[in-house]
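*Asks:* Give me the fold of what follows.
(chains A and B)
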Amino acid sequence: MTTQGTLDAASRALLKRAAPGRAAFEDLVVVPVFAVIVALVLGALTMLATDVDLPTIGRSYVALLVGAVGSLNAISETLTAAIPLVLAGLGLALGFRAGLFNIGAEGQLLMGGIAAVIVGFSLPGLPFALLMPLCLLAGALVGALYASIAGWLRAATGAHEVISTIMLNLISYRLLDYILRLPTVQLSGRADPISKPVPLNAALPRLLDWIDPNLRLHAGVFLMLAAVAVVYWLLFRTKLGFEFRASGENPDAARYAGIRAGWVIVLAMAIAGALAGLAGASQVLGVLGRATPGFSAGIGFDAIAVALLGRSHPVGVLLAGLLFGALEAGGRQMQVDAGVSIDLIGIIQALIIVFIAAPLLVRAIFPWGFRRHGSEENRP
Amino acid sequence: MQVELKGITKRFGPVVANRDVTLSVKGGEVLGLLGENGAGKSTLMNVLCGLYAQDEGEIIIDGDPVSFGGPGAAIAAGIGMVHQHFMLVPVFTVAENVVLGVEPTGRLDRLDLASARAKVTEIGEKYGLHVDPDEVIENLPVGVQQRVEIIKVLFRSADLVILDEPTAVLTPQEVEEFFGIVRSLRDAGKAIIFITHKLGEITEIADRISVLRAGEIVGEADPKTARLEDLAQMMVGRPVSFDVDKPPLEAGAPILAVQDLVVLREDDAVAVDRVSLTVRSGEIVGLAGVQGNGQTELIEALTGLRMPAAGTITYQGADITRATVRVRHRMGIAHIPEDRQRSGMIGAFTVAENMVLDTYYDDRFSRGPQIIWPKVHEQAAISATEFDVRTPSVFLRAGHLSGGNQQKLVVARELSRETKLVIAAQPTRGLDVGSVEYIHRRLVEARQEGDGVLIMSSELDEILALSDRILVMFKGRIVAEFDATAAAFDKSAIGLAMAGGAGAEVAA
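*Replies:* Predicted coordinates for the structure are as follows:
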């Protein structure tokens, strides 16, 4: 049977878009904003409970703000910290959209980072225009391969990616230690595991060192913005993204529609791994200049929080990454100015996630921020 | 026992699910509650069962207003409900299921199963609900599981038994048996509320009928004198035609030929056992059978979702036994899945996205790696209008549509492309009369355009109304074939074959 139709008045009326609903606004804006506020308040209470006096708490939050956005240096630090968080967070968000809970960004980031370093110091003769992209590519490729292991295990054997990526993280730590002690990798003359440095023509150039050599913001920030655009395009404009989202929302319906589940799993994991690998590469090429044990510093785990806070939307991930970058940069300032431990920032970050994950709790705390409930969502 | 609902109103936010509903039922009587899906029957019963609190109105039992804080209070007051989807633990025995939550215990809280067994047997004898108390639920046929649900309710000393769409899962024979049980409950003095949207049943079993439409009681009727047409009109709000208008059969060449197909389930049990069948162009073939007799697996094999263990599937002369789902889609096989919520659509996607769920890759909608969304939206708007999918916009999430409109969305997607074979599994399950009528008309139109149509349904009436030929499946085999050329189908013979009874002409 065939059906030809025309776009008559009745069907044209269906093309009107409803204004963004109140519910969407609450979900995307109100809940995260309130979550941050509650987390800051509870952070203050935590400080009170640990015998920090009120003026110090006040000073520490001022320092947090100043350290995050209060000066050019602060903004540079915030952005620098945000770059790997956003890159890895984008990968995780893409995985979440495809229904994959990838915990393995940390390992993929380490593997991608070390690959970028190795390519960098192995080919020091290449010009910058060739070597730097090559290093990034190596990072992405190795991250993708490392993540694909978990994807392949899931697709072929049904092994759950949460378990396998956690295990792959553990493997990656030791693998990195091993690689760092290889004579070809280890910095000559050093007994501790530390890699040869990334040559200058492989590094992501600093952007603001003409103002002040201490400003660490590097070209990875463009990579980050480009990745946001590309992931947005991929998820919402392409056939592949449609397949990812369909499989994530309803794997059964996707299968019935002829979408190959195994293919989607492996590919989504690979792309997520590539982004995590890029995060690692940008970190070593732009900030650290070399690889050391555990150079990821938990970025792969913080990125999970970033992806969740960003509601698995590329723009949301960007904003969440900037927030977490700001918390990190501000947290350092807080430690310096008020003598409050930077661990508090970890607590605040964790609290934000708890409240994001429990929107009902946020609604209960701020009833006036939300429309009265119990409409369509609650219908039988 | 006399239960009255007086002026019950229940709102969910701005939506009024029940408005000023008043009805009553007393011991020794069956009240038929008739209404379409979404008319508010379930909400009303959930109020009565204490699951929801009403916003206005009161519940009166034997003259005293009561208010239930929760389901426990309603049970204590003697109200019991048998849900449409059974609430049984499959690996427990009948007796264990019956006592679950109200276990009789001996000293030191020891579970006293012996007294549970005795009670189950006693209830069974009293009301003609014969079940072996030691049988494990998952080994029992659906009809018997339903009896266990009723025993559960009686075990909790219910005087009012609410039966929510109880016949949906039964064969015609089981329905007869079930009606016997309902009558014996009534004769024992129980009050019964029988919820259904099936007109034939309600006139047979009910003593009084109340019709619910859009949350309000729109009328009452006496089942002895009421005409089905009038009841249907009350229920839907407009005149309804029961007959499917179907021109005489002009079957052409075979489109689908299945030869000795064997399909296994996950546990390697044989689900489809050497099935052979043919669907010709311009013909509707009905696949009848009680759920769980291999129809689902057969359809999964035909659509490429499950690889057969043996046999061949030929489509328009080409062997597609091992072809993927996508390849079959592209060859013109449309599939309306059994469960639209689970596998037919994605609730979180928009109407437009769902409209292209299995055609997004088509050249009409994509260029290179990109989907051209304006084209998708345009086509979705056209299809939605054409297939009467009632939605304010194609950008609405499909999960917000009513069941009937969701199903019309699935039908629109599957039929608004070039097809030669339409495989429809339970195409109208749980839908209101209006949507059923519409979808049936569309399937007949596909037939008129020369498509082969294979319909699987556990509703025998649907199969009877639509089919040119009926195949009956039982325990994985096609046990009987009935031809429409012989004026009308013999309903009782088909029913017998569905139950695996003797006398079924076994198809070659």
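
*Asks:* Check the stretch 1-150 of chain B for the residue nearest chain A and tell me.
*Replies:* Minimum separation of the stretch 1-150 of chain B from chain A (C-beta to the nearest C-beta) falls at residue B:13, amounting to 2.9 Å. C-betas here are computed from N, CA, C, even on glycine.

*Asks:* what about that residue, neighbour count?
*Replies:* Residue B:13 is flanked by 14 other residues according to other C-beta atoms under 10 Å in any protein chain shown.

*Asks:* Please apply the same query to the one 3 residues further on.
*Replies:* As a burial measure, residue B:16 scores 17 neighbours (other C-beta under 10 Å).

*Asks:* In terms of helices and strands, where is it?
*Replies:* strand B:15-26 (DSSP states H and E).

*Asks:* Likewise for residue B:278?
*Replies:* Using DSSP H and E, residue B:278 sits within strand B:270-280.

*Asks:* got a pLDDT number for residue A:159?
*Replies:* At residue A:159, the model reports a pLDDT of 91.

*Asks:* List the contacts of it.
*Replies:* Neighbouring residues of residue A:159 by C-beta atoms under 8 Å, 6 or more residues apart in numbering or on different chains: A:150, A:153.

*Asks:* do you know how far it is from residue A:150?
*Replies:* Using C-beta to C-beta, to the nearest Å, residue A:159 is found at 8 Å from residue A:150.

*Asks:* Same check on residue B:56?
*Replies:* The spacing between residue B:56 and residue A:150, counted by C-beta to C-beta, is 55 Å.

*Asks:* between these two, which one's more packed in?
*Replies:* Counted by other C-beta under 10 Å, residue B:56 and residue A:150 do not tie: residue A:150 has more neighbours, with 31 against 13.

*Asks:* Just give the closest residue to the more buried one, not the sequence neighbours.
*Replies:* Counting by C-beta to C-beta, 6 or more residues apart in numbering or on different chains, residue A:164 is the residue found nearest to residue A:150 once chain neighbours are left out, at 4.3 Å.

*Asks:* does the one you found really touch residue A:147, like I thought?
*Replies:* No: shown here, residue A:164 and residue A:147 do not form a contact pair, counting by C-beta atoms under 8 Å, at 10.1 Å.

*Asks:* buried sites along stretch A:258-267?
*Replies:* Neighbour-count burial for stretch A:258-267 flags A:258, A:259, A:260, A:261, A:264, A:265, A:266, A:267 (criterion: 16 or more other C-beta atoms under 10 Å in any protein chain shown).

*Asks:* Ok, stretch B:449-459 next?
*Replies:* Neighbour counts over stretch B:449-459 (16+ other C-beta under 10 Å) mark B:450, B:451, B:452, B:453, B:454, B:455, B:456, B:457, B:458, B:459 as buried.

*Asks:* Tell me the one among those residues nearest to chain A.
*Replies:* Among the buried residues of stretch B:449-459, residue B:451 lies closest to chain A (C-beta to the nearest C-beta), at 5.2 Å.

*Asks:* how near is that closest one to residue B:176?
*Replies:* Residue B:451 sits at a distance of 36 Å from residue B:176 (criterion: C-beta to C-beta).

*Asks:* now do residue B:359
*Replies:* Counting by C-beta to C-beta, the gap from residue B:359 to residue B:176 is 45 Å.

*Asks:* Tell me the confidence at the residue nearest in space to the middle of chain B?
*Replies:* Closest to where the C-alpha atoms of chain B average out (C-alpha atoms, centre = their mean) is residue B:429, at 4.3 Å. At residue B:429, the pLDDT value in this model is 77.

*Asks:* residues contacting it?
*Replies:* Applying C-beta under 8 Å, 6+ apart, we find residue B:429 in contact with B:338, B:457, B:458, B:459.

*Asks:* Take the residues you listed and keep only those in strands.
*Replies:* Using DSSP state E, no member of these falls within strands.

*Asks:* Pipe those residues into JSON lines and attach distance to chain A per row.
*Replies:* JSON lines is the format used below for the contacts of residue B:429 (distance: C-beta to the nearest C-beta, whole Å):
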{"residue": "B:338", "distance to chain A": "10"}
{"residue": "B:457", "distance to chain A": "18"}
{"residue": "B:458", "distance to chain A": "19"}
{"residue": "B:459", "distance to chain A": "22"}
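
*Asks:* A strand includes residue A:66, no?
*Replies:* No: Residue A:66 is assigned helix when assessed by DSSP: H, G, I helix; E, B strand; the rest coil, not a strand.

*Asks:* Number of residues surrounding residue A:250?
*Replies:* Residues near residue A:250, counting by other C-beta under 10 Å, number 23.

*Asks:* do residue B:493 as well
*Replies:* Using other C-beta under 10 Å, residue B:493 has 16 other residues around it.

*Asks:* for the helix or strand where it lies, packing partners?
*Replies:* Here residue B:493, judged by DSSP H and E, is contained in helix B:491-498. With contacts taken as 3 or more C-beta pairs under 8 Å, 6 or more residues apart in numbering or on different chains; DSSP states H and E, helix B:491-498 sits against helix B:172-187, strand B:284-288, helix B:460-466, strand B:469-474, strand B:477-483.

*Asks:* Could you give me the buried positions within that helix?
*Replies:* Going by 16+ other C-beta under 10 Å, helix B:491-498 has these buried residues: B:493, B:494, B:495, B:496, B:497, B:498.

*Asks:* one step back: now the strand holding residue B:278: mean pLDDT?
*Replies:* Taken as a whole, strand B:270-280 has a mean pLDDT of 94.

*Asks:* Can you list the strands that that strand pairs with?
*Replies:* Partners of strand B:270-280 in the sheet, by DSSP bridges, are strand B:254-264 (antiparallel).

*Asks:* Who are the contact partners of the spatially most central residue of chain A?
*Replies:* Nearest to the mean C-alpha position of chain A, counting by C-alpha atoms, centre = their mean, stands residue A:89 at 1.8 Å. The contact partners of residue A:89, taken as C-beta under 8 Å, 6+ apart, are A:303, A:304, A:306, A:307, A:310, A:317, A:320, A:321.
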